[in-house]
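J.: Model the structure of this input:
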Amino acid sequence: MEKRRFALIGTGNRGTTMWGKDLLAGWREHVDLTAIVEKNSLRGERARNMIGSNAPLYEDIESMLAEQKPDLVIVCTPDHTHDDIVVRALESGIDVITEKPMTTSVEKIRRILDAEKRTGRRVDVSFNYRYAPTAAKIKELLNAGEIGRVTSVDFHWYLNTKHGADYFRRWHAYTENSGSLFVHKATHHFDLLNWYLDSDPEAVTSFADLQNYGRKGPFRGPRCKLCPHAHECDYYLDLEADPFLDSLYEDPSKIDGYFRDGCVFREDIDIPDTMVVSLRYRNNVHVSYSLNTFQPIEGHHLAFNGTKGRIELRQYEAQPWEEPKEDTIQLIRNFPDGKEAVERIVVPHFTGGHYGGDDRMRNMIFKPEMEDKLAQRAGTRAGAMSVLCGIAALTSSRTGKVVNIADLMPELANDGSPNSLRTSR
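T.: Residues are numbered from 1 along each chain as shown. Predicted coordinates for the structure are as follows:
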């Protein structure tokens, strides 16, 4: 079997682990890492050592393309830089895998869609939550019509004070970099909704505010390592206590000035930390969604209400009590007709990121024998529509108006797709 020769672009946590060390460890018979591109040379060297590779290092994509001829590039750089890299790779005849979100603005979406159409190459978007075993099981139940026609969805995501705060320490805390967490984080959740419902969102309205981080903080410092309030701050991060992060970011910060332990109370943070959204879909499903970033728990609550019943899940990822290493989906029928009125479906947690979702996604992309029965493999249309949901939500929260997806990008909303977000070419 011929291996796919890939270049890794960006060596942060996700690039170094998911698409670096872990990819080579489990899929080496399918891939060969031929180059690493990282503008911070010291971070690139340290990431290469962590990955366990001797691939050549480059500080820019142009130098890499001039010397290497990869079949594939994997993009793990900050969100607002994705479009330049994706378009450049496509125009060089190279397929792309990009971390979510695909990009951060309507103009950048257009650039990527146009380049993919023009070049005939392929872009995969890394929506690994589609592959989590529990998500896949819910999709199977919906496809089978177990609760009839879905009429509404309740979807609420909770980030704890460790995970949620981390977005406010890093580059994600600025809208120009991440599009806000409506785009960077919620794109995962909007994509799940689009995929579960097999339909496009039409209208979005939202409220959002900064209620805990940024200027709402009681004090602030230059960064955790130098902060005079370290002893009293609930969000203090001791970078030296994490050898992985310390090695990847502390010394390299002398080159680019990027500190991994930025103060979560910086006054110039401009993204919300508390968000609620209502969405209406083409198939007339109504959705209530929320994202909270400073909870004592981590996980989500998800419920589908249908004409014949309800599917409900409360998934715990972290909490101050012991939970079983499995998820329980409740299938509740309005009209049992000889079946159980309440069926509890237990889905075990699997090893690997996102309860095994990361591994299943890499299998789907790199193993040619994999059959995509649930349409889990996501392309540019799925990537675009999830980003548009986030852009619409942020816009609505700032203007107080309902935002129609068709007003943001008419050519995508009216492209004739039959309410489908299946992989596009």
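
J.: for the stretch 301-425 of the chain, which spans come out with low pLDDT?
T.: Across the stretch 301-425 of the chain, the ranges flagged by pLDDT under 70 are 416-425.

J.: And the strands in it?
T.: Using DSSP state E, counting those that start in this stretch, the strands of the stretch 301-425 of the chain run over residues 309-318, 326-333, 342-348, 403-404.

J.: Spell out which residues make up each domain of the chain.
T.: 4-126, 129-213+270-350+378-406, 218-256 (the TED database).

J.: Pull the number of nearby residues for Phe168.
T.: The local packing of Phe168 (other C-beta atoms under 10 Å) involves 25 other residues. Yep, even glycine has a C-beta here, placed from its N, CA and C like the rest.

J.: for Asp84, same thing?
T.: Neighbour count of Asp84, defined by other C-beta under 10 Å: 16.

J.: now the helix or strand harbouring it: how far from the chain's centre is it?
T.: Using DSSP states H and E, Asp84 maps to helix 82-91. Taking the mean of its C-alpha atoms, helix 82-91 sits 19 Å from the chain's own mean (C-alpha atoms, centre = their mean, to the nearest Å).

J.: these two touch, right, Ile391 and Thr175?
T.: No - using C-beta atoms under 8 Å, Ile391 makes no contact with Thr175, being 10.6 Å away.

J.: between these two, which one's more packed in?
T.: Counted by other C-beta under 10 Å, Ile391 and Thr175 do not tie: Ile391 has more neighbours, with 25 against 20.

J.: how far away is that one from Arg381?
T.: Going from Ile391 to Arg381 by C-beta to C-beta, to the nearest Å gives 15 Å.

J.: what's the answer for Gly214, then?
T.: 34 Å.

J.: Which one of these two is surrounded by more residues?
T.: In this view Gly214 and Arg381 are compared by other C-beta under 10 Å, and Arg381 has more residues nearby, 25 against 21.

J.: does that one really touch Ala413, like I thought?
T.: No - between Arg381 and Ala413 there is no contact under C-beta under 8 Å: 11.0 Å.

J.: quick one, the helix ranked longest in the chain and helix 82-91 angle?
T.: The residue-count maximum for a helix in the chain (DSSP state H) belongs to helix 380-399. Counting by axes from the mean of the first three to the mean of the last three C-alpha atoms, to 10 degrees, helix 380-399 lies at 160 degrees to helix 82-91.

J.: got any ranges where the protein has weak pLDDT?
T.: 1, 416-425.

J.: Number of residues surrounding the residue lying closest to Asp238 once chain neighbours are set aside?
T.: What sits nearest to Asp238 in space, not counting adjacent residues and going by C-beta to C-beta, 6 or more residues apart in numbering, is Cys224, at 7.3 Å. Per other C-beta under 10 Å, the neighbour tally for Cys224 reads 21.

J.: got it, and Asp407?
T.: By other C-beta under 10 Å, 12 other residues sit near Asp407.

J.: Phi first, then psi, for the residue of the chain most remote from its centre.
T.: Distance to the chain centre peaks in the chain at Gly338, reaching 40.8 Å (criterion: C-alpha atoms, centre = their mean). Per-residue torsions, Gly338: phi 90, psi -10 (degrees, to the nearest 10).

J.: Then Trp171?
T.: In terms of degrees, to the nearest 10, the main-chain angles of Trp171 are phi -60, psi -20.

J.: quick one: the spatially closest residue to it that is not a sequence neighbour from Thr205, how far?
T.: Nearest non-adjacent residue to Trp171, counting by C-beta to C-beta, 6+ apart: Asn177, 4.6 Å away. Per C-beta to C-beta, Asn177 is found 25 Å from Thr205.

J.: With Thr11 instead?
T.: As judged by C-beta to C-beta, Thr11 and Thr205 stand 39 Å apart.

J.: Neighbour count for those two, which is higher?
T.: Using other C-beta under 10 Å as the criterion, Thr11 and Thr205 rank with Thr11 on top: 29 against 18.

J.: My guess is that one contacts Lys39. True?
T.: No - using C-beta under 8 Å, Thr11 is not in contact with Lys39; the gap is 9.8 Å.

J.: Quick one: classify the nearest residue to Asp273 once chain neighbours are set aside as helix, strand or coil.
T.: Spatial nearest neighbour of Asp273, excluding adjacent residues (C-beta to C-beta, 6+ apart): Thr293 at 4.5 Å. Following DSSP: H, G, I helix; E, B strand; the rest coil, we place Thr293 in the strand state.

J.: close enough to count as contact, Thr293 and Asn212?
T.: Yes - judged on C-beta under 8 Å, Thr293 makes contact with Asn212 at a distance of 7.4 Å.
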